[in-house]
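Enquirer: From the sequence below, what's the structure:
(2 chains)
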There are 2 protein chains.
Amino acid sequence: MRSILAYLQQHEARNVEELLTLLRFPTISADPRHEMDMLACAQYLRDWLAARGFSAELLPTGGHPAVYAEWLAAPGAPTVLSYGHYDVQPVDPLELWNSPPFSPMIRDGCVYARGADDDKGQFLTHLLAAQAHLEVRGRLPVNLKIILEGEEEIGSVHLPETLQKNRDKLAADVAVISDSGQLAAGRPTLCYGLRGLLYFQVKVSGPSHDLHSGEYGGAVANPVNVLCGMIGRLQDADGRITIPGFYDRVRPMEAWERELLDRLGYGPEEVRRLTGVPELPAGGRRHPAEATWFLPSLDCNGIVGGYTGAGAKTVLPAEASAKISMRLVPDQDPKEISAAFVAWLKELAPPSVRLELQQLSCAGPILVPSQGRWMEAARAALKMTFNRDPLLVRMGGSIPIVLDIAETLGLESLLLGWGLPDDCLHAPNEKFDLAQFHAGTRAMAQLYDQLATA
Amino acid sequence: MRSILAYLQQHEARNVEELLTLLRFPTISADPRHEMDMLACAQYLRDWLAARGFSAELLPTGGHPAVYAEWLAAPGAPTVLSYGHYDVQPVDPLELWNSPPFSPMIRDGCVYARGADDDKGQFLTHLLAAQAHLEVRGRLPVNLKIILEGEEEIGSVHLPETLQKNRDKLAADVAVISDSGQLAAGRPTLCYGLRGLLYFQVKVSGPSHDLHSGEYGGAVANPVNVLCGMIGRLQDADGRITIPGFYDRVRPMEAWERELLDRLGYGPEEVRRLTGVPELPAGGRRHPAEATWFLPSLDCNGIVGGYTGAGAKTVLPAEASAKISMRLVPDQDPKEISAAFVAWLKELAPPSVRLELQQLSCAGPILVPSQGRWMEAARAALKMTFNRDPLLVRMGGSIPIVLDIAETLGLESLLLGWGLPDDCLHAPNEKFDLAQFHAGTRAMAQLYDQLATA
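Expert: The predicted model follows:
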């Protein structure tokens, strides 16, 4: 292992170049104009893996293709399935970026680009660690299958079907996913729970065209007012979500989980500092990790209607649209909550408007085992790399594939990543700390060894 | 008068050309990029009036200039102040226009362009009627002063000061304004009341940058959710505005005013047909004219926040903005309501967000006398033109200058116009009926005569 770690240290500059190359692909899966960029990036990754000894191909999905690669020359050793996603979030508001999102720039030891952390920089550590094993030892200690998805940021719409179709090809002993992060630099972190995601596009319309707000204001329902009222009524004054039955299946936090919160070493003040908000809801009386790990949430991710240019336009808009998402926790059932949300919105909509709903994502929450041989292997690899016992956490985000991997492939997932809380995921000026990038690559090299003997 | 009417009939084609020329100026006062177009249109109007015998000039206002012209060679006759505005509303959503908004097109006897009705087509009837008098008789029967404003659609921000500064120049006996409309083609209409307008830009912000809605959803207040909740709470379930004291000074409808509604010959069904809404609020139990003439309203004219592109982006937005306006009725005091609105919004905003407010318009409601010698002159001119007694109405819209004319110049205003309810004011595909345009020009020619002997 020492020679592999030495190899990685010698090749840090090259590995950074590999990352920059990957970040230059504008792989926004949500935007149809980037369809060819998606394909180009997938082809690039396939060819990169093939050139390093993997058998590699594109898997058609019906949407953006997935990249699949395998190296299976370790008979008797466990088979590891590595998952990552090469698609990224949209970049608006573009004007808030300090450098162009697809022209990666290195400043103060961090690389700034869309996808730097989420997830290109992270999954690349799996690939570079494998390359190090192959170059130094000529072999991997485990059989390695790699799947790189192109639709994670749009709800992994085609992934369940793709996994189902390729069940035999993807068969493995354990999955490893780096799409989460660490609580702080040098504090290795293992994740055992994720929230699910429901995402809806909601449109409220009324008049067939924009009206003069003087001529009709008060006589005709205003779709913006109505939509705001509906969204406002989705939560009560305490922020509790009002959808009937919403909390029925929420699993209460257990005593050992509350202790995890106490060990985190951060709380409301840290979240205020990281986010810049003037105050936390309810005066910050609830631990922020309780809110994001153990409770569901409802967020309007975007809204638009009427005149949004400069100055005043006295229009009564014909329609208004919003994107509304919910993060679900165990044991909420996404289909059940989806139906309850739709029914509730229909009830909140007055007959003076038309309501249109479109579901864009539907993924359940998941818990993975917090102990067992794979977890112990991960703990060992992280401790060897960071000289510190990893923290056990849940995550507020969603990685839909984790549930699919569990249900379709019957695999436990190890969720460990190298991102930091101030990496601005999904926001302007996303970054990835290069020290974390290199440490993550070393940790992955250790992990392949640890899994081989687990 | 017969020869003047004959002259107008002979010159209908030329008059339409004059209208088209005027409509080609993209005079969007709200958009700073059109500053030079505003000036060009003002200069064009000044020169047009000067060429026809008026003494004409531009009045600096601090913003877009006003055009002022006068013809004062009728000693002993009353002096009439004609008001119009050459600025127009913005054009978005541009994609809903069937032809470009500043390339006027004639279809089915109507001209389609931004400003066709509001207000270029309307004030042009005052000018063309005066031209007819001057060409046929060599003189006008009254002294005529014309002021054409460039900031009506942005709340007439500099007009009060401009009137104050030019009080002597603008002194007159009565004002005439065509910025209202008729209830239907061939149904002449006189307006005796207008609503006032308060217009605010509201911004709610929280995090210093967009956050990942998984990582922070539930732990941090979402500015879009908060703004929607605040807007939702500005009205109760019946649409009643919740600002404390908002209705205190609303003058109840009098018995003779309720009779006006009964004589209108239209009601909820007509409004549904004209606007295309599925149903009126409260099932249409209230007459729509009661709602827009006698009651105040509150409309969100635009809202934007977060991700509004295609597909899903799981962002917790850093901020959200809305434009919120209120139409006020007699005897609501705009400054009092403005203060109450600001205080109420501050109360509705939780400490987890920052609130910024900017007032863009503040104009009071007004009633003008519904009888008297000027009103009788207007009734006579309308009856001679349309062979029908004019209807007496109020209007839901606002013409801020009417109050300023009353308060600063001490003048009563005659509010009579030629627009029709389906002219799509402030909306895509604004139009003006050319038969109304020509009838309006004839009515104005009659009105100058009637006012001369009133």
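
Enquirer: now the helices: where do they sit in the stretch 301-450 of chain A?
Expert: Across the stretch 301-450 of chain A, reading from the start of the chain, the helices by DSSP state H, counting those that start in this stretch fall at A:334-348, A:373-386, A:400-409, A:434-452.

Enquirer: Output these in TSV; the columns should cover mean neighbour count.
Expert: Heads up, the C-betas are built off the backbone N, CA and C, glycines and all. What follows is these, written out as TSV (neighbours: other Cβ atoms under 10 Å in any protein chain shown):
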stretch	mean neighbour count
helix A:334-348	16
helix A:373-386	20
helix A:400-409	22
helix A:434-452	23
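
Enquirer: Residue B:73 is nearest to which of these?
Expert: helix A:334-348 (65.4 Å; Cβ to Cβ).

Enquirer: Contacts for the closest one, please.
Expert: The set of residues that contact helix A:334-348 without belonging to it, under Cβ atoms under 8 Å, 6 or more residues apart in numbering or on different chains, is A:196-198, A:200, A:202, A:229-230, A:233-234, A:242-246, A:249, A:326, A:328, A:355, A:357, A:359, A:362-364.

Enquirer: Which ones, among the residues you listed, also lie beside chain B?
Expert: Contacts with chain B are made by A:197, A:229, A:230, A:233, A:234 out of the contacts of helix A:334-348, judged by Cβ under 8 Å from any Cβ of the partner chain.

Enquirer: which residues of the stretch 151-300 of chain A score low on pLDDT?
Expert: By pLDDT under 70, the stretch 151-300 of chain A contains no weakly predicted segment.

Enquirer: hey, what's residue A:361 bridged with?
Expert: With beta bridges defined as DSSP bridges, residue A:361 has these partners: residue A:199.

Enquirer: who touches residue A:110 in this structure?
Expert: When contacts are taken as Cβ under 8 Å, 6+ apart, residue A:110 is in contact with A:116, A:431, A:432, A:433, A:434.

Enquirer: do that again at 10 Å, thanks
Expert: A:116-117, A:420, A:422-423, A:429-437 (Cβ atoms under 10 Å, 6 or more residues apart in numbering or on different chains).

Enquirer: from the stretch 1-150 of chain A, which residue is nearest to chain B?
Expert: Per Cβ to the nearest Cβ, the residue of the stretch 1-150 of chain A with the smallest distance to chain B is residue A:30, at 3.4 Å.

Enquirer: before we move on, what about the stretch 351-454 of chain A?
Expert: Scanning the stretch 351-454 of chain A for the residue nearest chain B gives residue A:397, at 2.8 Å (criterion: Cβ to the nearest Cβ).

Enquirer: Just give me the neighbour total for the closest residue in space to residue A:155 that isn't next to it in sequence.
Expert: The shortest distance from residue A:155 to any residue that is not its chain neighbour, by Cβ to Cβ, 6 or more residues apart in numbering or on different chains, is 3.0 Å, and that residue is residue A:361. Residue crowding around residue A:361 was assessed by other Cβ atoms under 10 Å in any protein chain shown; the count is 23.

Enquirer: Residue A:361 reaches residue A:159, doesn't it?
Expert: No: taking Cβ atoms under 10 Å as the definition, residue A:361 is not a contact partner of residue A:159, at 11.4 Å.

Enquirer: Please enumerate the shared neighbours of the two.
Expert: Jointly contacting residue A:361 and residue A:159 under the rule Cβ under 10 Å, 6+ apart are residue A:400.

Enquirer: returning to what we had before: could I get the pLDDT score of the residue of the stretch 351-454 of chain A closest to chain B?
Expert: Residue-level confidence at residue A:397 comes out at 90, pLDDT.

Enquirer: wait, what's in contact with it?
Expert: Here residue A:397 is in contact with A:118, A:179-181, A:191, A:194-195, A:197, A:292, A:327, A:425-426, B:212-217, B:314 (Cβ under 10 Å, 6+ apart).

Enquirer: again, only using 6 Å
Expert: Residues counted as contacts of residue A:397 (Cβ atoms under 6 Å, 6 or more residues apart in numbering or on different chains) are B:214, B:215.

Enquirer: and if you look at residue A:408?
Expert: With contacts taken as Cβ under 6 Å, 6+ apart, residue A:408 has the following neighbours: A:163, A:164.

Enquirer: please redo it, this time with the cut-off set to 7 Å
Expert: Residue A:408 is in contact with A:160, A:163, A:164, A:167, counting by Cβ atoms under 7 Å, 6 or more residues apart in numbering or on different chains.

Enquirer: So it versus residue B:245, what's the distance?
Expert: Per Cβ to Cβ, to the nearest Å, residue A:408 is found 61 Å from residue B:245.

Enquirer: Then residue A:175?
Expert: As defined by Cβ to Cβ, residue A:175 lies at a distance of 62 Å from residue B:245.

Enquirer: try residue A:28
Expert: In this structure, residue A:28 and residue B:245 are 49 Å apart, going by Cβ to Cβ.

Enquirer: So those two - more neighbours on which side?
Expert: Relative neighbour count places residue A:28 above the other of residue A:28 and residue B:245, with 28 against 13, counting by other Cβ under 10 Å.

Enquirer: Beta-bridge partners for that one, please?
Expert: Beta-bridge partners recorded for residue A:28 (DSSP bridges): residue A:88.

Enquirer: mind listing what it touches?
Expert: Applying Cβ under 7 Å, 6+ apart, we find residue A:28 in contact with A:34, A:88, A:90, A:91.

Enquirer: Name the member of those residues with the most neighbours.
Expert: Each of those was scored for neighbours by other Cβ under 10 Å, and residue A:88 scores highest at 29 neighbours.

Enquirer: Touching, that residue and residue A:27? I think so.
Expert: Yes: the criterion here is Cβ atoms under 7 Å, and residue A:88 meets it with residue A:27 at 5.4 Å.

Enquirer: can you list residues touching both of those two?
Expert: When contacts are counted by Cβ under 7 Å, 6+ apart, residue A:88 and residue A:27 are jointly contacted by residue A:115.

Enquirer: Skipping its backbone neighbours, what lies nearest residue A:85 in space?
Expert: What sits nearest to residue A:85 in space, not counting adjacent residues and going by Cβ to Cβ, 6+ apart, is residue A:152, at 3.5 Å.

Enquirer: Could you count how many residues lie near that neighbour?
Expert: Every residue meeting other Cβ under 10 Å relative to residue A:152 is counted, giving 26.

Enquirer: One more: residue A:163?
Expert: Under the neighbour criterion other Cβ under 10 Å, residue A:163 is assigned a count of 21.

Enquirer: And it, how close does it get to residue A:407?
Expert: Where residue A:407 is concerned, residue A:163 sits at a distance of 9 Å (Cβ to Cβ).

Enquirer: ditto for residue A:263
Expert: The span separating residue A:263 from residue A:407 equals 31 Å under the rule Cβ to Cβ.

Enquirer: part of a helix, is residue A:129?
Expert: Yes: Residue A:129 forms part of a helix when assessed by DSSP: H, G, I helix; E, B strand; the rest coil.

Enquirer: Using PyMOL, define a selection of the buried residues within the contacts of residue A:408.
Expert: Paste this into PyMOL to select the buried members of those, with burial taken from 16 or more other Cβ atoms under 10 Å in any protein chain shown:
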select buried, chain A and resi 160+163
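
Enquirer: which among the contacts of residue A:408 gets closest to residue B:403?
Expert: Taking the contacts of residue A:408 together and measuring to residue B:403 by Cβ to Cβ, the closest member is residue A:160, at 64.0 Å.

Enquirer: Output the contacting helices and strands for the host helix or strand of the closest one.
Expert: With elements taken from DSSP states H and E, the one containing residue A:160 is helix A:159-165. Counting by 3 or more Cβ pairs under 7 Å, 6 or more residues apart in numbering or on different chains; DSSP states H and E, the packing neighbours recorded for helix A:159-165 are helix A:400-409.
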